[in-house]
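> Return atomic coordinates for the entry below.
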Amino acid sequence: MPAKTSKTSQEHLLIVEDEKGRRSVTLSEEVYSVGRDRSCDIHLSSQFVSRRHATLKRDNNADGGSVYRILDGDGAGKPSVNGLVINGRKASDHVLKHSDEIVFGPQVFAIYQSRQHEAQASGAQEDPFDITLIDPAMMMGDGDDLMNFDE
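Numbers count the residues shown, from 1 in each chain. As a prediction, the model looks like this:
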């Protein structure tokens, strides 16, 4: 029987909260623009957010997984007016880690989540129809005498 092998898959989420409420954005693209401008990939509703407030870029790491990096500004060198605060510290470039909090302005923030899933790639997989059959001869009596050890 072939050995089981597994592969880790990642899921990246950005949970955004702004004047319009809370929503979850699944990150899968290489680059995202974040800001007040309606043409941004991730649109933020607030007068305190720059038109092109930040840029998210996906980087591959050595183990074959990926991480997202957030850069202040439009990604071409122009920073946002209010900057980024990540986990309480001002930052212009930050590799995101699970549960990082990104503040774009008053009452406008996002929480980054990275989840890893184990997926069976090949080999023997568990049979969903594998069941254990009980031989009726193994069942004795109506069950009342199963616990009666005095006889």
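> got any ranges where this structure has weak pLDDT?
Judged against pLDDT under 70, the low-scoring parts of the chain cover residues 1-8, 117-151.
> which residue ranges form the helices in it?
Along the chain, no segments are classed as helices by DSSP state H.
> Just give the closest residue to Asn61, not the sequence neighbours.
Val67 (5.8 Å; Cβ to Cβ, 6 or more residues apart in numbering). Where C-beta positions appear, they are placed from N, C-alpha and C, glycine not excepted.
> Just give the number of residues close to that neighbour.
15 (other Cβ atoms under 10 Å).
> Can you name the residues bridging to it?
Residues found in beta-bridge contact with Val67 (criterion: DSSP bridges) are Asp59.
> Now do the contacts for it.
Val67 makes contact with Arg58, Asp59, Asn61, Val95, Leu96, Ser114 under the criterion Cβ atoms under 8 Å, 6 or more residues apart in numbering.
> Show me which of these are buried.
Applying 16 or more other Cβ atoms under 10 Å to the contacts of Val67, the neighbour count classes Leu96, Ser114 as buried.
> just the contacts of Val67 now: which is nearest Leu44?
Nearest to Leu44 among these, counting by Cβ to Cβ, is Leu96 at 16.7 Å.
> That closest one against Gln113, yeah?
No - checked against Cβ atoms under 8 Å, the pair Leu96 and Gln113 is beyond contact range at 9.4 Å.
> circling back to that earlier point, so can I have CSV of the contacts of Val67 showing distance to Asp72?
Compiled in CSV, those are given as follows (distance: Cβ to Cβ, whole Å):
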residue, distance to Asp72
Arg58, 17
Asp59, 17
Asn61, 22
Val95, 14
Leu96, 13
Ser114, 21
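> out of the contacts of Val67, who's nearest His12?
Out of those, the member with the shortest distance to His12 (by Cβ to Cβ) is Ser114, at 5.5 Å.
> what's near enough to touch that closest one?
The neighbours of Ser114, taking Cβ under 8 Å, 6+ apart as the test, are Gln10, Glu11, His12, Leu13, Val67, Leu96, Lys97, His98.
> These: which two are farthest apart?
Between all members of these, the longest pairwise span (Cβ to Cβ) is found for Glu11 and Lys97 and amounts to 14.6 Å.
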